[in-house]
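1. coords please:
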Amino acid sequence: MASGNIDMTKDTILKVEHLSMKFGGLMAINDFSFEAKRGEITALIGPNGAGKTTVFNCITGFYKPTMGMITMRRRTGEEHLLERLPDFEITKKAKVARTFQNIRLFSGLTVLENLLVAQHNALMKASGYTFLGLLGMPVYKKAAAGAIDKAKYWLDKADLTERADDPAGDLPYGAQRRLEIARAMCTEPELLCLDEPAAGLNPKESLALNNLLRGIRAEGTSLLLIEHDMSVVMEISDHVVVLEYGQKISDGTPDHVKNDPKVIAAYLGVEDDEVEEVIAEELGGTL
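-> Down below sits the predicted model:
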């Protein structure tokens, strides 16, 4: 369902307003608002249990929020209220894709086949839902060639071309992470949501991931990520939003956030009135 009467600035791709999510008596997210800008990497951070994945699940349709509005604005100007869409339409109509904390590849398929599977819906449509493909009609041949070209393009971007014919399950962990992101990009999202993409990566794998994410941003795709690795967050993010106990405590540039006393308090587990003393004694003013 599209809406044309939401007041959003020209460069805002995602606007979350007064989001709340309640599970029984637990308020997991409480009156949470933020904006993600088009062409930027926005990081959503916070201590364990802060509610970050719940926010992602509301944005991508796995949960329907108790209250609030989530507006996605396409490049065309078309706007979608994500809380009103089924999850498959959030991918198809609003052009939002995501990855998960736990890698979800088709481990028995090759690396290339994983990227072709991501384009299944477009190929099925081009095949006339089977018969045009069986007859080898030009429209299907063109779509199939295009799917292979797109897959090869993202294999190259993810530095996986040499592993194209290997089973996805045989890849090292960091390469599997990049493959999952490449597979999501084959759906041509305008907003890519990544849930802890750097989890479990060694420094070399983290560098390869950072290069891939910067390349995606350079091509015009906006990114929203949850991440615990602060070195990744501070190096690649344009904008950081901090959650604690389901509420926003800071929102701004990486430099602003890492020096925010409320953020330091949240990560150290101390009360606000103890922050200045801790900074002076131990941190020297940095997170």
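
2. separation between the residue nearest to residue 252 when sequence neighbours are not counted and residue 224?
-> Leaving out its chain neighbours, the residue that sits closest to residue 252 by C-beta to C-beta, 6 or more residues apart in numbering is residue 240, at 6.8 Å. From N, CA and C alone the C-beta is placed, and that goes for glycine too. As for residue 240, its distance to residue 224 is 11 Å (criterion: C-beta to C-beta, to the nearest Å).

3. quick one: low-confidence parts of the chain?
-> 1-10, 120-141, 143, 268-287 (pLDDT under 70).

4. what domains does the record give for it?
-> Split into domains by automatic domain parsing, the chain comes to 1-95+189-287, 107-188.

5. so residue 226 sits right up against residue 53, yeah?
-> Yes. Residue 226 lies in contact with residue 53 (C-beta atoms under 8 Å); the separation is 6.5 Å.

6. These two: who's more crowded?
-> Counting neighbours by other C-beta atoms under 10 Å for residue 226 and for residue 53 shows that residue 226 has the greater number, 22 against 18.

7. Now render the domains of the chain as CSV, adding distance to residue 101.
-> Shown next, in CSV, are the domains of the chain (distance: least, C-beta to C-beta, whole Å):
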stretch, distance to residue 101
domain 1-95+189-287, 5
domain 107-188, 11
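
8. Give the bridge partners for the residue positioned nearest the centre of the chain, please.
-> When the chain is reduced to its mean C-alpha position, the nearest residue by C-alpha atoms, centre = their mean turns out to be residue 193, at 1.1 Å. Taking DSSP bridges as the rule, residue 193 bridges to residue 98, residue 224.

9. hmm, back to that, quick one: secondary structure of the residue nearest to residue 252?
-> Using DSSP: H, G, I helix; E, B strand; the rest coil, the secondary structure recorded for residue 240 is strand.

10. Report the contact partners of it.
-> 42-43, 45, 233, 250-254, 256-257 (C-beta atoms under 8 Å, 6 or more residues apart in numbering).

11. Strands of the stretch 151-287 of the chain, residue ranges please.
-> Ranges of strands in the stretch 151-287 of the chain, per DSSP state E, counting those that start in this stretch, are 191-195, 222-226, 239-244, 247-252.

12. what packs against the lengthiest helix in the chain?
-> Longest helix of the chain, by residue count under DSSP state H: helix 138-157. Packing contacts for helix 138-157, counted by 3 or more C-beta pairs under 8 Å, 6 or more residues apart in numbering; DSSP states H and E, involve helix 111-117, helix 120-126, helix 131-134, helix 173-185, helix 203-218.

13. Then residue 71 would be within a strand, right?
-> Yes. Judged by three-state DSSP, residue 71 forms part of a strand.

14. Touching, it and residue 83? I think so.
-> No. With contacts counted by C-beta under 8 Å, residue 71 stays clear of residue 83, the gap being 9.2 Å.

15. Looking at the strands of the stretch 151-287 of the chain, spot the one closest to residue 22.
-> Among the strands of the stretch 151-287 of the chain, the nearest to residue 22 by C-beta to C-beta is strand 247-252 (13.6 Å).

16. which strands and helices sit next to the closest one?
-> Judged by 3+ C-beta pairs under 8 Å, 6+ apart, strand 247-252 is in contact with strand 26-37, strand 239-244, helix 254-258, helix 261-268.
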